[in-house]
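*Asks:* I'll drop the sequence and a predicted model, then ask my questions.
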Amino acid sequence: MGFIRRAIIFIAQLVALLFIFIATAGGYAAGMQSAAYGVPVDPAMVGIVGAASGFFFSLLMTAAFFALVEIAHNTRNKL
């Protein structure tokens, strides 16, 4: 049973790391989409700002997930 739990946590951690790349690309795409609608700013700058905001959003979400995983790991070791 412990192997299955560790495998599920490992897969969830990989997905969380993949989420960083997906959110960064999504932020860039959202920035470029808004640039296509006529935002009076350089489109490259809007894309970079979108990618940065997606990256920081995903970092916050992933950090929260890893904090919960660490709490679970520490709790399991205390018992």
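*Replies:* Arrived safely, thanks for sending.

*Asks:* any chance you could map the helices in the protein?
*Replies:* Using DSSP state H, the helices of the chain run over 2-36, 43-78.

*Asks:* could you dump those to JSON lines with mean neighbour count?
*Replies:* Where C-beta positions appear, they are placed from N, C-alpha and C, glycine not excepted. Output for these, formatted as JSON lines (neighbours: other C-beta atoms under 10 Å):
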{"stretch": "helix 2-36", "mean neighbour count": "14"}
{"stretch": "helix 43-78", "mean neighbour count": "14"}
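
*Asks:* which residues touch the residue nearest to the spatial centre of the chain?
*Replies:* Geometric centre of the chain, nearest residue: Ser58, 2.7 Å, by C-alpha atoms, centre = their mean. Applying C-beta atoms under 8 Å, 6 or more residues apart in numbering to Ser58 gives the contacts Phe19, Ile20, Ile22, Ala23, Thr24.

*Asks:* mind redoing it with 7 Å?
*Replies:* If you count contacts by C-beta atoms under 7 Å, 6 or more residues apart in numbering, Ser58 has them with Phe19, Ile20, Ala23, Thr24.

*Asks:* setting aside sequence neighbours, what's the nearest residue to the second one?
*Replies:* Pointing back at Ile20 there. Excluding its sequence neighbours, the residue lying closest to Ile20 (C-beta to C-beta, 6 or more residues apart in numbering) is Ser58, at 4.5 Å.

*Asks:* any idea how far the one you found lies from Arg76?
*Replies:* To Arg76, Ser58 is 27 Å away according to C-beta to C-beta, to the nearest Å.

*Asks:* same check on Phe65?
*Replies:* Phe65 is 17 Å from Arg76, where distance means C-beta to C-beta.

*Asks:* over to Ile20?
*Replies:* Relative to Arg76, and taking C-beta to C-beta, Ile20 is found at 26 Å.

*Asks:* again, but for Val49
*Replies:* According to C-beta to C-beta, Val49 and Arg76 sit 41 Å apart.

*Asks:* same question, Val46
*Replies:* On the measure of C-beta to C-beta, Val46 and Arg76 end up 45 Å apart.

*Asks:* for the protein, which spans come out with low pLDDT?
*Replies:* Within the chain, the stretches with pLDDT under 70 are 1, 39, 79.
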